[in-house]
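>>> the sequence and its predicted three-dimensional model are supplied below.
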Number of protein chains: 2
Amino acid sequence: MTSHPRATQPKYQRIAEDLRREIDSGRYRPGDRLPGENDLMARYGVARMTARQALGVLQGEGIAEARKGVGVFVREFRPIRRRGIQRLSDRTWGSGASVWSADIASRELTVDQLTVAEREAPEPIAAVLGLKPGEGACVRSRRFVLDGKPVLLAESYLPAALVAGSRITAPDTGPGGTYARLAELGCKPVHFQEHIRARMPSADEAERLALLPGTPVFLVHRTAFAEDGQAVEVNEMVLDSASYVLEYDFDA
Amino acid sequence: MTSHPRATQPKYQRIAEDLRREIDSGRYRPGDRLPGENDLMARYGVARMTARQALGVLQGEGIAEARKGVGVFVREFRPIRRRGIQRLSDRTWGSGASVWSADIASRELTVDQLTVAEREAPEPIAAVLGLKPGEGACVRSRRFVLDGKPVLLAESYLPAALVAGSRITAPDTGPGGTYARLAELGCKPVHFQEHIRARMPSADEAERLALLPGTPVFLVHRTAFAEDGQAVEVNEMVLDSASYVLEYDFDA
DNA sequence: GATACCCACCTCTCTAGACAAGCTGAATTC
DNA sequence: GAATTCAGCTTGTCTAGAGAGGTGGGTATC
């Protein structure tokens, strides 16, 4: 119990490790309540700040979540699948067995917030779209929610000169969406490029996605190219990584 | 004393926000030294633990990094590009301009640690490979380093019965690697599936990848399928998200 | 039986100290 | 000039308190 001639590991890490092991072992399962600050203070004979630090480690790892006034609980993980390449994904491959048993039950994604505006695109995006300085972009911002929880922020940039007058500049783009309208404008997207990063969210992102501490975000940048190789759309997405598994299917 | 009818924002968050803003504005640039604990104590008139908490927020977000005995610094981000689909990536698309100006200068990835063993695969992987309980898998574990920094842990699972006697069970798989050997065995991979997650690393992963606090990892699970639809390999990879941008190219 | 209130419990924030340990650079010694 | 030592900076860990504020369950009231 008391601190012995231990190796050189901080107390708070040792406590965090104990708890982590107990979670891994199944002693505590998703949704269960973990020992709180007071429990740890008593059990290990440490100060409140030290117990807090230990619990903070688990929260920072996304393993545990604290509910003020209630306690600290083991978090759950039930992602939705986002298929980057629809064309190939419904083939015979895979036979349903996935490494992560994602909740496939295609729950409905709905748009929660939607704004359309014309403004200048940030430098790197303007470069990809081939916009000259001062040239405007049509920016469609959307937030998607699933079962009441926001999971995705999307910001789509299109050359304003290209889409002017089309329904792309309206909140409702009509049947087939933006890509169908682009096709009508003679700029049918035929090729896509997706770039993916992961990092911890900014305070703003964390708030808009209602993220718990310890939850990273995916940054997905999708660029759509027309037949002539010209980029016609850049879609910048921020995804709650605790809600998503990204999937890509392709042939050798 | 000074804790006035402030809005309901903790001091440490306000301080962190101030610093974040100064970083965003370019006042502090990647590699620059940030105000330390003592600076913040003096500047804001708070206790050491409060100043520490503010700096801890930025470290948890992966924005800043602390070097003991030296100070706290703004972190840099220079990812390498991992192309999921080579077949399409070198086309005319994209014309070099990327949204994230990744260091393309294809620096060399080298294998640092390598073990080959036969053992039972974890349950979900065994299911994907169609292994019956008790059936073994050939497990190739590798760690990749770039410029001395470990960036990728890979663990490849193949049915032991399939690869027995081939060079796949040897440390050096020979020219063309595992996939060339699989082709010789009549199981040429013709289709791939990649599933991607992101989360905070376990303590073990953080150590093996030498990750700084506030750095998430990518989990990439790649499954290779032979012509008959049978999965012949599952490759489980853990990537340092601060070192990678994942890329996928595909046609509509 | 349903509702409103209150109190005990829990986490969150913060203070004001203390000692440990890593790093840097300057002074000292060889 | 080169090597060594050391002082003083830094961050890391920890203690022992305190008040604020959210939550939930029990109690009293209607």
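All right, it came through fine. Given the structure is predicted, the values throughout are model-derived calculations rather than measurements.

>>> so which helix or strand takes in residue A:18?
For residue A:18, the host element (DSSP states H and E) is helix A:11-24.

>>> need the mean per-residue confidence for stretch A:47-58.
For stretch A:47-58, the mean pLDDT works out to 90.

>>> do stretch A:228-247 as well
93.

>>> and that stretch, what's buried?
By neighbour count on 16 or more other CB atoms under 10 Å in any protein chain shown, the buried set for stretch A:228-247 is A:231-247. For glycine as for every other residue, the C-beta is placed from the backbone atoms N, C-alpha and C.

>>> which bits of chain A sit near DNA strand C?
Chain A comes close to DNA strand C at residues A:8, A:36-39, A:48-49, A:52, A:55, A:66-72, as judged by CB under 7 Å from any atom of the strand.

>>> re earlier: mind checking which of the buried residues of stretch A:228-247 land in strands?
A:231-240, A:244-247 (DSSP state E).

>>> which among these are in contact with chain B?
When those are filtered against chain B using CB under 8 Å from any CB of the partner chain, the residues retained are A:231, A:234, A:236, A:244, A:245, A:246, A:247.

>>> surely the second one and residue A:126 touch.
If I follow you right, that is residue A:234. No. If you go by CB atoms under 8 Å, residue A:234 and residue A:126 don't touch, sitting 9.2 Å apart.

>>> hang on, the earlier thing: buried members of the residues of chain A next to DNA strand C into PyMOL, please.
Buried residues among those (16+ other CB under 10 Å), as a PyMOL selection:
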select buried, chain A and resi 37+52+55+66+72
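
>>> farthest pair in the residues of chain A next to DNA strand C?
The span of the residues of chain A next to DNA strand C, defined through CB to CB, is set by A:8 and A:69 at 36.2 Å.

>>> residues contacting residue A:184?
For residue A:184, the contact set (CB atoms under 8 Å, 6 or more residues apart in numbering or on different chains) comprises residue A:166.

>>> against residue A:178, how distant is it?
11 Å (CB to CB, to the nearest Å).

>>> check the residues of chain A next to DNA strand C against chain B, which are close?
Restricting the residues of chain A next to DNA strand C to those near chain B - CB under 8 Å from any CB - leaves residue A:49.

>>> show only the entries of the residues of chain A next to DNA strand C found in strands.
Mapping the residues of chain A next to DNA strand C onto strands (DSSP E) picks out A:66, A:67, A:71, A:72.

>>> as TSV, those with pLDDT and distance to residue B:149 would be great.
Converted to TSV, these look like this (pLDDT from 0 to 100; distance: CB to CB, whole Å):
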residue	pLDDT	distance to residue B:149
A:66	91	33
A:67	89	38
A:71	90	39
A:72	92	34
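
>>> among those, which one lies nearest to DNA strand D?
residue A:67 (6.5 Å; CB to the nearest atom of the strand).

>>> and the gap between that closest one and chain B?
18 Å (CB to the nearest CB, to the nearest Å).

>>> isn't that residue right up against residue A:73?
Yes. Shown here, residue A:67 and residue A:73 form a contact pair, counting by CB under 8 Å, at 6.6 Å.

>>> give me every residue that touches residue A:61.
A:214, B:200, B:201, B:202.

>>> ok, now with 7 Å
A:214, B:200 (CB atoms under 7 Å, 6 or more residues apart in numbering or on different chains).

>>> which residue sits closest to residue A:222, ignoring its sequence neighbours?
residue A:235 (4.4 Å; CB to CB, 6 or more residues apart in numbering or on different chains).

>>> from chain B, how far off is the closest residue to DNA strand D within the stretch 1-150 of chain A?
DNA strand D sits closest to residue A:69 of the stretch 1-150 of chain A, with a gap of 2.6 Å, by CB to the nearest atom of the strand. As for residue A:69, its distance to chain B is 16 Å (criterion: CB to the nearest CB).

>>> do you know how far that residue is from residue A:212?
Taken as CB to CB, the span from residue A:69 to residue A:212 is 16 Å.

>>> for chain A, which element, helix or strand, carries the lowest mean pLDDT?
Here the helix or strand of chain A ranked lowest by mean pLDDT, DSSP states H and E is helix A:86-89, holding a mean of 50.

>>> any idea which helix or strand comes after it?
Next along the chain from helix A:86-89, counting by DSSP H and E, comes strand A:109-119.

>>> now stretch A:54-67: buried residues?
So for stretch A:54-67, counting by 16+ other CB under 10 Å, buried means A:54-66.

>>> restricted to helices, list those residues.
Mapping these onto helices (DSSP state H) picks out A:54, A:55, A:56, A:57, A:58, A:59, A:60.

>>> any chance of those in TSV with distance to residue B:29 as columns?
Output for these, formatted as TSV (distance: CB to CB, whole Å):
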residue	distance to residue B:29
A:54	35
A:55	34
A:56	29
A:57	30
A:58	33
A:59	30
A:60	26
